[in-house]
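S.K.: Here's a sequence, model it:
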Amino acid sequence: MEENLIEKEKPKRRYFWQNSFFWLVILSIFLSSIFGFSAGLFGSIFFSGQLKDYLGKINLPFYKLEEKKPEEKIIEKQTIYLPQTSQEEAIIKTVNEASKAVVSIIITKDLPVFEQYFYSPFEEFKEFFGEPFFEFQIPQYRQKGTEKKEIGGGTGFFVSSDGLLLTNAHVVSDKEAEYTVLTNDGKKYSAKVLARDTVRDLAVIKVGGGPFSILKLGDSDKLQIGQTVIAIGNALGEFRNTVSVGVISGLSRTVTASGGGTSETLENVIQTDAAINQGNSGGPLLNLKGEVIGINFAMAQSAENIGFAIPVNVAKKDIEQVKSLGKIAYPFLGVRYLIINEAVQQKNNLPVNYGALVAKGEKGEPAVISGSPAEKVGLREGDIILEFNGEKITTENSLAKIIMKYNPGDKVVLKILRNKEEKIISVILGERTE
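M.R.: Below is the predicted model:
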């Protein structure tokens, strides 16, 4: 009976995994996972796009930063460092090209050579008194011919391929000296002075041979303070093609330069902190395009790195006159004057604070030069020239600066003030050469 019992209970022992309910649970879990994953994926994509559009509309900063690409950051760094690199490259390129046209000017002169000998004052009395008790001789010197010696040096640069050069007048001021041009490749040429402009300290000289490398002339009327400039010259008359770099530190300066026993006042000159040493005179002051914007001529000895250059636009006229006329000719009015400012106005009790007061020179020279165009049209001492051909005369725009824009023979109109009454006078400018 027990056996039957056991047999009847065996069919009731079935495992859970054999139950249909188990498979139903498994299927439900699987389907839920599939649908849940799909819903999450599509939901994240959808809401991510919506969030991106929203952040873009409200223009949040961090959104922009996330949008920047690494390549854009590299471009920004290049932009920061590029100007300095370009300036350095421009300086090197300018110097390499300009140096071919910059020359050293060697000044030589025949100087007497002396020899020393000794003379005894008792020599002529030997026949009367015999040999003196002691030897007494006086050193004497006598000339023994002449010898060519180097007495100075300066700088110049070619402005035409056929050998025309520009330099300072004070570099070639000695009319008895000989001038030799030494080019950058070591060749020597004998130079001839064609014309000297002592008013503006410029000179044009000529050498044979060629063709020579030349420098392009720029426009000095467009200069700005702070602009980078390069000076090239024969520093100290020994170091050829020495380069210095600086900036334009001032414009329209008036300076009085002295040297070699002469003194001259120049107006409207360029001030630079590029080092200009003795021997640099006559060398070019260049911009970063390699164009000449000035001619170096002086340095301030009582200060450091203050040099001066003559604007190249002034030199252009001299070059053209030498080419066309074979000389430099100045327009000539024929008056001595004082530029009026507030101090001059108060001191002389004048009715205006601008213009040019016709006055005697410091040593009593006549205010109006005899036979000059000014005398011919009746200008007098005490007249005030207010305008020159429509240009107002001021401390910044002096009569000397204005008149140099014209040529001999030009007819101009002067507005003058005489006894508090304005007058208009026409005058034909004369000619004054060196």
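
S.K.: can we go C-alpha only for contacts and neighbour counts from here?
M.R.: OK.

S.K.: hey, where'd the helices end up in the chain?
M.R.: Applying DSSP state H to the chain gives helices spanning 2-9, 20-58, 61-67, 70-98, 126-129, 312-325, 342-348, 373-376, 399-403.

S.K.: for L288, phi and psi?
M.R.: Note on L288: backbone dihedrals following degrees, to the nearest 10 are phi -70, psi -10.

S.K.: isn't it right up against Q227?
M.R.: No - in this structure, L288 is not within contact of Q227 by Cα atoms under 8 Å, at 9.1 Å.

S.K.: who's more crowded, the two?
M.R.: Just comparing L288 and Q227: by other Cα atoms under 10 Å the higher neighbour count belongs to L288, 19 against 13.

S.K.: Look up the residues forming beta bridges with the most centrally placed residue in the chain.
M.R.: A centroid search over the chain (Cα atoms, centre = their mean) returns V229, at 4.0 Å, as the residue closest to the centre. In this entry, V229 is beta-bridged to G246, by DSSP bridges.

S.K.: Does it touch I248 like I think?
M.R.: Yes - using Cα under 8 Å, V229 makes contact with I248 at a distance of 6.7 Å.

S.K.: wait, doesn't E267 sit right on S252?
M.R.: Yes - with contact defined as Cα under 8 Å, E267 counts as touching S252 (6.8 Å).

S.K.: how about G409, what does it touch?
M.R.: Applying Cα atoms under 8 Å, 6 or more residues apart in numbering, we find G409 in contact with 331, 428-431.

S.K.: Please read the previous query as pertaining to L194.
M.R.: Contacts of L194 (Cα under 8 Å, 6+ apart): 203-206, 322, 326-327.

S.K.: could you flag which of these are buried?
M.R.: Applying 16 or more other Cα atoms under 10 Å to the contacts of L194, the neighbour count classes 203-206, 322, 327 as buried.

S.K.: between these, which is closest to F212?
M.R.: K206 (11.7 Å; Cα to Cα).

S.K.: What about A275, how many residues nearby?
M.R.: Neighbours of A275 (other Cα under 10 Å): 21.

S.K.: can you count the residues close to the nearest residue to it once chain neighbours are set aside?
M.R.: Closest residue to A275 apart from its sequence neighbours, by Cα to Cα, 6 or more residues apart in numbering: N305 at 5.2 Å. By the criterion of other Cα under 10 Å, N305 has 17 neighbours.

S.K.: And L182, by the same measure?
M.R.: The burial count for L182: 20, using other Cα under 10 Å.

S.K.: Would you mind confirming that it makes contact with I107?
M.R.: No - counting by Cα under 8 Å, L182 stays clear of I107, with 10.9 Å between them.

S.K.: Skipping its backbone neighbours, what lies nearest I385 in space?
M.R.: I416 (4.3 Å).

S.K.: The one you found pairs with what?
M.R.: I385, K423.

S.K.: quick one: it and I384, what's the gap?
M.R.: Applying Cα to Cα, to the nearest Å, the value for I416 to I384 is 5 Å.

S.K.: distance of the closest residue to D318 other than its chain neighbours from K100?
M.R.: Closest residue in space to D318, ignoring its immediate chain neighbours: I328 at 5.9 Å, by Cα to Cα, 6+ apart. Going from I328 to K100 by Cα to Cα gives 27 Å.

S.K.: neighbour-wise, which of those two wins?
M.R.: Remark: of I328 and K100, I328 carries more neighbours, 25 against 18, as counted by other Cα under 10 Å.

S.K.: pLDDT at the more buried one, what is it?
M.R.: Here, the pLDDT recorded for I328 equals 88.

S.K.: Return the residues in contact with the residue lying closest to Y141 once chain neighbours are set aside.
M.R.: The spatially closest residue to Y141, leaving aside those adjacent along the chain, is Q116, at 4.5 Å (Cα to Cα, 6+ apart). When contacts are counted by Cα under 8 Å, 6+ apart, Q116 touches 139-142.

S.K.: Would you mind listing which of the residues you listed are buried?
M.R.: Buried among the contacts of Q116 by 16+ other Cα under 10 Å: none.

S.K.: just checking, which of those residues belong to strands?
M.R.: Using DSSP state E, the members of the contacts of Q116 that fall within strands are 139-142.

S.K.: what residues do L288 and Q227 have in common as contacts?
M.R.: Here L288 and Q227 share no contacting residue, scored by Cα under 8 Å, 6+ apart.

S.K.: Would you confirm that S190 contacts Y179?
M.R.: Yes - the pair S190 / Y179 is scored as a contact, 6.3 Å apart, by Cα under 8 Å.

S.K.: who has more neighbours, these two?
M.R.: Y179 (25 against 14).

S.K.: Which residue is the nearest non-sequential neighbour of the more buried one?
M.R.: Take Y179 and drop its neighbours on the chain: the residue closest to it by Cα to Cα, 6+ apart is I107, 4.9 Å away.

S.K.: Now do the closest residue in space to G208 that isn't next to it in sequence, the pLDDT please.
M.R.: Counting by Cα to Cα, 6+ apart, G208 lies nearest to G163, which is 6.0 Å off, once chain neighbours are set aside. G163 carries a pLDDT value of 93.

S.K.: From D318, how far off is G163?
M.R.: Counting by Cα to Cα, the gap from G163 to D318 is 16 Å.

S.K.: Which of those two has more residues huddled nearby?
M.R.: Between G163 and D318, D318 has the larger neighbour count (other Cα under 10 Å), namely 24 against 20.

S.K.: Give me the domain ranges for this protein.
M.R.: Annotated domains of the chain cover 102-207, 220-325, 330-432 [automatic domain parsing].
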